[in-house]
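[1] Using only what follows, build the 3D model:
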Amino acid sequence: MALPEIDAICLHCHHAFRERPSRTFLGFQQFTCPHCHREVVYPLTSGYRTTYWVLVAVMALVIIVSLAQGRLAFPGLIGIAAIWALDKDRRLRREVVDAQVANASHHPAAR
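    Sure, this is the predicted structure:
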(Lines give C-alpha, C1' and ligand atoms only; values in the text may rest on other atoms or scores of the structure.)
Protein backbone atom coordinates (compact mmCIF):
# COMPACT_ATOMS: atom_id res chain seq x y z
CA MET A 1 0.00 0.00 0.00
CA ALA A 2 1.43 3.36 -1.04
CA LEU A 3 1.93 5.95 1.64
CA PRO A 4 0.10 9.27 1.31
CA GLU A 5 1.96 12.50 0.70
CA ILE A 6 2.93 14.31 3.88
CA ASP A 7 4.23 17.74 4.77
CA ALA A 8 7.87 17.19 5.64
CA ILE A 9 10.88 19.25 6.51
CA CYS A 10 14.46 18.49 5.58
CA LEU A 11 16.53 17.62 8.64
CA HIS A 12 19.63 19.04 6.90
CA CYS A 13 18.62 22.33 5.22
CA HIS A 14 15.26 22.85 7.04
CA HIS A 15 13.40 23.32 3.74
CA ALA A 16 9.68 22.45 3.99
CA PHE A 17 8.16 20.31 1.23
CA ARG A 18 5.31 17.92 0.47
CA GLU A 19 6.18 14.46 -0.83
CA ARG A 20 5.17 10.80 -0.80
CA PRO A 21 7.66 8.85 1.32
CA SER A 22 9.05 5.41 0.66
CA ARG A 23 9.86 2.95 3.46
CA THR A 24 13.24 1.81 4.73
CA PHE A 25 13.85 -1.80 5.76
CA LEU A 26 12.63 -1.23 9.33
CA GLY A 27 9.69 0.95 8.28
CA PHE A 28 11.05 4.47 8.57
CA GLN A 29 9.71 7.02 6.10
CA GLN A 30 12.30 8.18 3.58
CA PHE A 31 12.43 11.15 1.20
CA THR A 32 14.88 13.03 -0.96
CA CYS A 33 14.86 16.74 -0.21
CA PRO A 34 13.94 18.68 -3.38
CA HIS A 35 16.06 21.61 -2.21
CA CYS A 36 19.40 20.09 -1.11
CA HIS A 37 18.86 16.60 -2.64
CA ARG A 38 19.95 14.82 0.53
CA GLU A 39 18.24 11.73 1.91
CA VAL A 40 15.82 12.52 4.73
CA VAL A 41 14.68 9.75 7.09
CA TYR A 42 11.53 10.48 9.06
CA PRO A 43 10.21 8.76 12.21
CA LEU A 44 8.11 5.61 12.23
CA THR A 45 4.38 5.80 11.72
CA SER A 46 2.30 4.92 14.77
CA GLY A 47 1.55 1.39 13.51
CA TYR A 48 5.21 0.46 13.20
CA ARG A 49 6.02 2.15 16.53
CA THR A 50 3.24 0.20 18.29
CA THR A 51 4.36 -3.08 16.72
CA TYR A 52 7.94 -2.55 17.89
CA TRP A 53 6.79 -1.71 21.43
CA VAL A 54 4.71 -4.90 21.53
CA LEU A 55 7.72 -6.93 20.34
CA VAL A 56 9.93 -5.37 23.02
CA ALA A 57 7.30 -6.02 25.71
CA VAL A 58 6.91 -9.68 24.69
CA MET A 59 10.68 -10.10 24.54
CA ALA A 60 11.07 -8.60 28.01
CA LEU A 61 8.34 -10.87 29.37
CA VAL A 62 10.02 -13.95 27.89
CA ILE A 63 13.37 -12.94 29.39
CA ILE A 64 11.81 -12.32 32.82
CA VAL A 65 9.98 -15.67 32.78
CA SER A 66 13.15 -17.46 31.69
CA LEU A 67 15.19 -15.82 34.44
CA ALA A 68 12.49 -16.70 37.01
CA GLN A 69 12.82 -20.34 35.94
CA GLY A 70 16.58 -20.20 36.40
CA ARG A 71 17.43 -20.08 32.70
CA LEU A 72 19.52 -17.45 31.00
CA ALA A 73 17.81 -15.67 28.10
CA PHE A 74 18.91 -13.04 25.61
CA PRO A 75 16.96 -10.94 23.12
CA GLY A 76 16.96 -12.30 19.59
CA LEU A 77 17.89 -10.43 16.46
CA ILE A 78 14.32 -9.21 16.00
CA GLY A 79 14.22 -7.92 19.57
CA ILE A 80 17.50 -6.08 19.16
CA ALA A 81 16.29 -4.58 15.85
CA ALA A 82 13.06 -3.42 17.53
CA ILE A 83 14.97 -1.74 20.37
CA TRP A 84 17.33 -0.08 17.88
CA ALA A 85 14.37 1.10 15.74
CA LEU A 86 12.60 2.61 18.76
CA ASP A 87 15.76 4.44 19.81
CA LYS A 88 16.29 5.77 16.27
CA ASP A 89 12.61 6.78 16.13
CA ARG A 90 13.00 8.75 19.38
CA ARG A 91 16.05 10.58 17.99
CA LEU A 92 14.35 11.30 14.64
CA ARG A 93 11.22 12.69 16.31
CA ARG A 94 13.43 15.10 18.25
CA GLU A 95 15.31 16.08 15.05
CA VAL A 96 12.02 16.79 13.23
CA VAL A 97 10.87 19.10 16.04
CA ASP A 98 14.24 20.89 16.00
CA ALA A 99 14.05 21.30 12.20
CA GLN A 100 10.50 22.66 12.44
CA VAL A 101 11.60 25.21 15.04
CA ALA A 102 14.57 26.22 12.88
CA ASN A 103 12.32 26.55 9.82
CA ALA A 104 9.78 28.65 11.73
CA SER A 105 12.50 30.99 13.02
CA HIS A 106 13.85 31.52 9.48
CA HIS A 107 10.41 31.77 7.83
CA PRO A 108 7.97 33.49 10.24
CA ALA A 109 5.22 33.57 7.59
CA ALA A 110 5.25 29.74 7.40
CA ARG A 111 3.69 29.45 10.86
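[2] drop to CA atoms for contacts and neighbour counts, all remaining ones
    OK.
[3] so where does the most far-flung residue of the chain relative to its centre fall, helix or strand?
    If you look at how far each residue of the chain sits from its centre, by Cα atoms, centre = their mean, the farthest one is Gly70, at 35.8 Å. Gly70 belongs to no helix or strand when assigned by DSSP states H and E.
[4] Then Asp7?
    strand 6-9.
[5] and the helix or strand that that strand is followed by, how far from the chain's centre?
    Using DSSP H and E, the next helix or strand after strand 6-9 towards the C-terminus is strand 16-19. Put simply, strand 16-19 sits 18 Å off its chain's centre (Cα atoms, centre = their mean, to the nearest Å).
[6] next helix or strand past strand 16-19?
    Under the assignment DSSP H and E, the closest C-terminal helix or strand after strand 16-19 is strand 22-23.
[7] Within the sheet, what are the partner strands of that next one, with directions?
    strand 29-32 (antiparallel) (DSSP bridges).
[8] tell me the mean pLDDT for the helix or strand just after the strand it pairs with?
    Of the helices and strands lying after strand 29-32 in sequence (DSSP H and E), the nearest is strand 39-42. Summarised as a single mean, pLDDT over strand 39-42 is 95.
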